[in-house]
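Undergrad: make a model of this:
(one chain, ligands or ions: 2)
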Amino acid sequence: QQAMQPMQPMKIERGTILTQPGVFGVFTMFKLRPDWSKVPAMERKSAAEEVKKLIEKHKDNVLVDLYLTRGLETNSDFFFRINAYDLAKAQTFMREFRSTTVGKNADVFETLVGVTKPLNYISKDKSPELNAGLSSATYSGPAPRYVIVIPVKKNAEWWNMSPEERLKEMEVHTTPTLAYLANVKRKLYHSTGLDDTDFITYFETDDLTAFNNLALSLAQVKENKFHVRWGSPTTLGTIHSPEDVIKALAE
Ligand code: HEM
Ligand SMILES: [Ca+2]
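TA: Ligands and ions are numbered 1, 2, ... in the order given. Below is the predicted model of the structure:
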């Protein structure tokens, strides 16, 4: 399959970069060190401004999302999702973040790297009906307050199945999940060879019960038998502006 690597435009547009294939995603989960609470309050307060400035500096190279996990996760307090046309630009941003006040006082718990691709299975050609269902579904819930990131890896048996067999199982995956698009926004990154996982699945929702039911419905399909990693870590966080995340951590 031909790789589609879009050129980096002059300006990064959220709505565009988040829908294009060939865009890299870097997820970095951080845990604040105990020493963070000993950083003078003034410095902690200005940390939000510092991160805001860093994001502004890199705004033509990367799209930055920052999420709060403190209180919901053990091994992290916050995490970044960086979307970039050029992976090296995401690296530069994360490298510079490490020298900010928050960055210096936090340890990386997990990093996941992936790239977006055109649909492999539920495309117009291969699965027209489900594809139509996918494109016509619209999110109608309230603005999502929650984010969930789940890395998924499949075994050799899966990858050795014929494309037709895999298509069949992905249709079985898609059929019961379409209805959830009213309450759940989804995004998929491919990681095989770039990381120790095959996929990074990313979701936004305001209805965690619906998400729980969605996950259960996928636990019941045959595809699930091929999973050798599902989560580990599953990361649940809340959605805020980057500034608000740092402010919450500085309290
Ligand atoms: C809103 C509900 C969901 C819908 C509508 C949905 C739909 C889809 C579709 C259409 C594909 C195929 C993409 C392609 O053609 O390349 C896909 C792939 C995938 N989905 Fe879902 N999905 C949903 C929820 C989930 C959940 C909760 C998980 C679990 C973490 C999940 C994990 C995956 C994975 C790992 C793949 C890639 C599988 C592969 O290429 O082998 N999905 N999904
Ligand atoms: Ca990794």
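Undergrad: now do the most centrally placed residue in the chain, the pLDDT please.
TA: Centroid check for the chain by Cα atoms, centre = their mean gives Tyr202 as the closest residue, at 4.0 Å. Looking at Tyr202, its pLDDT is 99.
Undergrad: shaky segments in the stretch 1-150 of the chain?
TA: The model of the stretch 1-150 of the chain has pLDDT under 70 over residues 1-4.
Undergrad: any idea where the helices of it begin and end?
TA: Using DSSP state H, counting those that start in this stretch, the helices found in the stretch 1-150 of the chain span residues 14-17, 41-57, 87-97, 101-104, 128-136.
Undergrad: Leu181 and Gly141 touch, don't they?
TA: No. Look at Leu181 against Gly141 with Cβ atoms under 8 Å: they stay out of range, at 10.0 Å. The way it works is simple: take the backbone N, C-alpha and C, and place the C-beta from them, glycine included.
Undergrad: those two - which one has more neighbours?
TA: Between Leu181 and Gly141, counted using other Cβ atoms under 10 Å, the more crowded position is Leu181 (18 against 15).
Undergrad: which non-adjacent residue is nearest the more buried one?
TA: Closest residue in space to Leu181, ignoring its immediate chain neighbours: Ala137 at 3.6 Å, by Cβ to Cβ, 6 or more residues apart in numbering.
Undergrad: ditto for Thr100
TA: Excluding its sequence neighbours, the residue lying closest to Thr100 (Cβ to Cβ, 6+ apart) is Glu50, at 5.0 Å.
Undergrad: residue contacts, the one you found?
TA: Shown in contact with Glu50 (Cβ atoms under 8 Å, 6 or more residues apart in numbering): 100-102.
Undergrad: near ligand 1, which residues of this structure?
TA: Applying Cβ under 6 Å from any ligand atom, one finds that the chain approaches ligand 1 through 119-122, 134, 150, 152, 170, 173-174, 177-178, 180-181, 184, 186, 188, 199, 201, 214-215, 218.
Undergrad: which of these are buried?
TA: Buried residues within the residues of the chain next to ligand 1, counting neighbours by 16 or more other Cβ atoms under 10 Å: 119, 121-122, 134, 150, 152, 170, 173-174, 177, 180-181, 184, 186, 199, 201, 214-215, 218.
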